[in-house]
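Trainee: Could you look at this predicted model? Sequence included:
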Amino acid sequence: MQDKKGIIFDMDGTVWDSSENVARAWTVKVHEAGYTDKTVTREDIQSVMGKPMDVIADTLFTYTEKGPERDNLRYSCENYENEYLRQNGGILYDGVLETWAKLKENDYHIYIVSNCQAGYIESFLSFYNIAYGTPEDLVEDIECYGNNLLQKDENIKLLAERNGLTDACYVGDIQSDYDATVKAGFPFIHAKYGFGTINAEVPYINAFGDLIKVVPEVIG
């Protein structure tokens, strides 16, 4: 079987920082729901980035009753967030698109797995006009918690198996990314410029473009 090497990416704190615009979108919906004295801040969003959406709602919406009230607010925020980001985007880290193109030229395949809601990754890809979904596209496949309610380690394995990868690594920025990658059985590269630290000695990048050198050292 011919080797097929894949690089699977986290989103927030690894590829981009959408926290400012996510906070703006969520605040709109929080106010519309009647909680006009509450505000979602950029710091709030950054503190929960990478967690499943139900956990984020339980953390940020403690002033709501757990159950339908909290769930409805969460769904409202998620849907509007996708719409808002599709129109306004976030902060794309320097060198992402150029680095992805170079990696693809070197026969690496690019994927995204996130704990986000359904539609979030698509909003990112749409805003930056990134083609995805086929082997010819820059990003070949995506998966997320919102699509199937699977944890990140399960989605990393699912995507790798679905695309027939013989070698793969995951690039993320926080401890839970590392933990999920280890559980999935793949090597990890830490995006040190992101939102968190890792309690392990792992390969790392200080800037996105460093992947050109680091990836071959990790998966050949």
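Mentor: Perfect, I can see it now. If you're wondering where the values come from, they're calculated on a predicted model, not measured in any experiment.

Trainee: Now do the helices in the chain.
Mentor: Assigned by DSSP state H, the chain shows helices spanning 19-32, 42-48, 53-60, 68-88, 96-105, 120-127, 145-148, 152-162, 175-184, 211-219.

Trainee: List the buried residues of the second one.
Mentor: Along helix 42-48, the positions that meet the burial threshold by neighbour count (16 or more other CB atoms under 10 Å) are Asp44, Ile45, Gln46, Val48. (Each C-beta comes from the backbone N, C-alpha and C, glycine too.)

Trainee: Same list (those residues) but as a markdown table, adding distance to Asn163.
Mentor: A markdown table is the format used below for the buried residues of helix 42-48 (distance: CB to CB, whole Å):
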| residue | distance to Asn163 |
| --- | --- |
| Asp44 | 35 |
| Ile45 | 30 |
| Gln46 | 30 |
| Val48 | 29 |
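
Trainee: Spit out the contact partners of the closest residue to Gly119 other than its chain neighbours.
Mentor: Counting by CB to CB, 6 or more residues apart in numbering, Asn82 is the residue found nearest to Gly119 once chain neighbours are left out, at 4.2 Å. Asn82 makes contact with Gln117, Gly119, Tyr120, Glu122, Ser123, according to CB atoms under 8 Å, 6 or more residues apart in numbering.

Trainee: I'd like to know how far the closest residue to Asp17 other than its chain neighbours sits from Ala33.
Mentor: Spatial nearest neighbour of Asp17, chain neighbours left out: Ile91 (4.4 Å); criterion: CB to CB, 6+ apart. With distances taken as CB to CB, to the nearest Å, Ile91 is found 27 Å from Ala33.

Trainee: Just want to know which of these two has more residues nearby.
Mentor: Between Ile91 and Ala33, counted using other CB atoms under 10 Å, the more crowded position is Ala33 (16 against 11).

Trainee: Now do the more buried one, the pLDDT please.
Mentor: At Ala33, the predicted lDDT confidence score is 97.

Trainee: wait, what's in contact with it?
Mentor: Applying CB under 8 Å, 6+ apart, the residues near Ala33 are Asn72, Leu73, Ser76.

Trainee: picking that back up, got the helices of the chain as TSV, with distance to Ile112 columns?
Mentor: As requested, the helices of the chain are exported to TSV (distance: least, CB to CB, whole Å):
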stretch	distance to Ile112
helix 19-32	17
helix 42-48	19
helix 53-60	16
helix 68-88	14
helix 96-105	10
helix 120-127	5
helix 145-148	12
helix 152-162	9
helix 175-184	12
helix 211-219	14
